[in-house]
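# Okay, predicted coordinates and the sequence, questions at the end:
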Amino acid sequence: MSSSTRDDLIFKALADSRRRAILDLLKDAPRTTGELCEHFGSTLDRCTVMQHIGVLERAELILVRREGRTRWNYLNAAPFQEIHERWISPYAAHAVEVLSKLKRDLEGE
């Protein structure tokens, strides 16, 4: 899979608030598919939750491990690290540099 295609899958997966909610739940601890379905209760049926999990899995934002009939879903932090390194880190480094310069200027160094 090309980098561009993978990026598209990731950003499309993150575009939906319900999928971000699933990722927020997995950030705290791995969850079974049943636990994720229970969390959404009456707002989403099991089939819809499974579709959202499928989108996250194809984007490699979650990893799935099966134990018998139980399906455990884990947050995959690697794509988030890659996004941070590509899109956020260069701007954050510049912001720190600007703040350091401001501090030096204010302190008269």
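Great, that's in hand.

# helices and strands around the strand or helix carrying residue 39, which ones?
Residue 39 is located in helix 33-40, with elements delineated by DSSP states H and E. On a contact count with 3 or more Cβ pairs under 8 Å, 6 or more residues apart in numbering; DSSP states H and E, helix 33-40 meets helix 17-28, helix 46-58, strand 70-75. Yep, even glycine has a C-beta here, placed from its N, CA and C like the rest.

# Nearest to residue 108 among these would be which one?
Closest of the helices and strands packed on helix 33-40 to residue 108 is helix 17-28, at 43.6 Å (criterion: Cβ to Cβ).

# looking at the chain, which helix or strand is least sure?
When each helix and strand of the chain is scored by mean pLDDT, DSSP states H and E, helix 89-107 comes last, with a mean of 82.

# where's it relative to the chain centroid, distance-wise?
The chain centroid and the centroid of helix 89-107 are separated by 28 Å under Cα atoms, centre = their mean, to the nearest Å.
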